[in-house]
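Asker: fold the stuff below for me.
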Amino acid sequence: MRAARGAAVAAACLAQALSAQTAPRCEPATRQVDTALATIVRAVNDGSYAAITRMMAEVVDSTRLPRAARPVVQGSLGRWHWMSRRVAIVATCATGRAGGSAVISNALTGEQDRLDVQLDSVSGRVARLQVVPGHRVIVAAGDTASDDARVAAIRRLVRQLADSDVFSGEVLFARDGRTLYHEAVGLADRAARRAAVVGDRYSIASVGKLVTGTAVMQLVERGVLALDDTLGRFLGDSARPRGAGGVPLRTILSHTDGLVRGADAPSFAPGTRFSYVNYGYALLGDVIERVTGRPFADHFAAAIFAPAGMRHTERLVTAAPRPDLPTAYAFVFDSAGPLLRANPMAQTQPATGAGWLFSTAEDLFRFAESLRLGKLVTLATLDSMRTPKRDLGATDYGYGVDRYRGHNIWGHSGLIPGANADLELYGDSGYTLVVLSNTGANDPVRRLVAALVGERPFRVRE
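Answerer: The predicted structure follows:
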């Protein structure tokens, strides 16, 4: 905890110093720390598995980083190279006696990333390292002068990422129901060299939780469900794990339920803390089926998709990947280097209340518009959905609505290997962003849009 707090303090100092274009007002890092940071950066710029493996053998304390954890660290560094192509240290600060934090320029995204290291006090080698992509997003003053300028900045980044073979997919940016930018880039199928096109259907992964949350809140408005209802009322003795029957729906909607698939009992008292897992939302799908008497996807189609005009959203059940859908590509970093490998499970995993529906960017935009305008649930219910349930231990999650990205951004994201979806709305400004991809590289785009739009307030409703 102390190391994390020190890194946060140093990062704040670096951000302040860089924004003022002055020398960092912080304690300088030790020579050992600076050497470790520089060695890591050199290996990342090389980008090969051999170089990163060699660097870890040279500077990492193997007793502090278990062998099982090393592939994860190597993979994160390999991905950093893939998402940057070249990085350079801009400034460093000390974090405690044996730690350091460096702001790093990213040649591909134009952002400034952050690299944190902590050295072991005895061996002097790296005991912990962390890469924080997009620590600071660089936006020119003219990029926010108008919506046309915002669109030009978004288009530049999207095409740059596509030209570098990092991002492929679809981006839609809108304001007040009017599409400002909508483009498909990259390859939907790399083997066949088939280009991505507007209207392709992608797995939206956990964005489906927002759909499930909306469906549950519709049933609450109708009096079919109540937030204090427990699972046992609908699932009876079949509710698992033991003790799940007493778990209230409001805690499942806010990920404060403590339910874990296959566990003997809830992992904590429901309503006491936040823990994001899929299992509870899968159970909400079961609840919807019990109270409506039909499969949850059929209920979604009637209660949400049809009213919102979502003509291309559905639950697909397929035993093998379909050629008409974009192939899902998982990033892999091993002795063969960084590469994208097809992940058929992204298409063959059947959807549940927790996610994995298939949709288009246009359909998700229609969903967002219908939701924010009170056409699916009342505006009062929407406010409740997007209000973090701090009384239950969820500081940035409401009922099916994620708020963890700050700046009054609300919506939901989804990520599985080879499928990345983001639906973001910015306060009550009317700005909406949809990003769908089959390479898992959405983050630079959504971070840029958040910086271009800035923090937008929520409307105070009488």
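Asker: so how far is stretch 27-42 off the chain centroid?
Answerer: Mean-position distance between stretch 27-42 and its chain equals 30 Å (Cα atoms, centre = their mean, to the nearest Å).
Asker: Ala263 versus the most far-flung residue of the chain relative to its centre, what's the distance?
Answerer: When distances are taken from the C-alpha mean of the chain, Val122 lies farthest, 37.1 Å away, according to Cα atoms, centre = their mean. For Val122, the distance to Ala263 equals 38 Å [Cβ to Cβ, to the nearest Å]. Yep, even glycine has a C-beta here, placed from its N, CA and C like the rest.
Asker: ditto for Ser275
Answerer: Separation of Ser275 from Ala263 (Cβ to Cβ): 12 Å.
Asker: secondary structure element for Asp383?
Answerer: Assigned by DSSP states H and E, Asp383 belongs to helix 379-385.
Asker: mind checking how far the residue farthest from the centre of the chain is from Thr109?
Answerer: 37 Å.
Asker: check Val158 too.
Answerer: Applying Cβ to Cβ to Val158 and Thr109 gives a distance of 11 Å.
Asker: list the residues that contact the most centrally placed residue in the chain.
Answerer: Centrality entry for the chain: nearest residue to the mean C-alpha point is Ser413, 4.9 Å, by Cα atoms, centre = their mean. When contacts are counted by Cβ atoms under 8 Å, 6 or more residues apart in numbering, Ser413 touches 206-207, 402, 420-424, 442.
Asker: what about 10 Å?
Answerer: 204-207, 209-210, 402, 404-405, 420-424, 435, 442-443, 446 (Cβ atoms under 10 Å, 6 or more residues apart in numbering).
Asker: can you count the residues close to the closest residue to Pro326 other than its chain neighbours?
Answerer: Nearest residue to Pro326, sequence neighbours excluded (Cβ to Cβ, 6 or more residues apart in numbering): Ala188, at 3.9 Å. Using other Cβ atoms under 10 Å, Ala188 has 22 other residues around it.
Asker: which strand or helix spans Ala188?
Answerer: strand 187-189.
Asker: who does the next helix or strand after that strand touch, helix- and strand-wise?
Answerer: Downstream of strand 187-189, the first helix or strand assigned by DSSP H and E is strand 194-195. Packing partners of strand 194-195 (3 or more Cβ pairs under 10 Å, 6 or more residues apart in numbering; DSSP states H and E): strand 187-189.
Asker: partners of the strand it packs on, with directions?
Answerer: Using DSSP bridges, strand 187-189 pairs in its sheet with strand 194-195 (antiparallel).
Asker: give the rounded mean pLDDT of the partner strand.
Answerer: Averaged across strand 194-195, pLDDT comes to 98.
Asker: contacts for it, please.
Answerer: Taking Cβ under 10 Å, 6+ apart as the rule, strand 194-195 contacts 168, 184-189, 200, 323-324, 326-327.
Asker: determine which two of the residues you listed are furthest apart.
Answerer: Val185 and Pro323 (20.1 Å; Cβ to Cβ).
Asker: looking only at neighbour counts, state which of these two leads.
Answerer: Val185 (19 against 10).
Asker: so the more buried one touches Ala196, yeah?
Answerer: Yes. Between Val185 and Ala196 there is a contact at 6.3 Å, judged by Cβ atoms under 10 Å.
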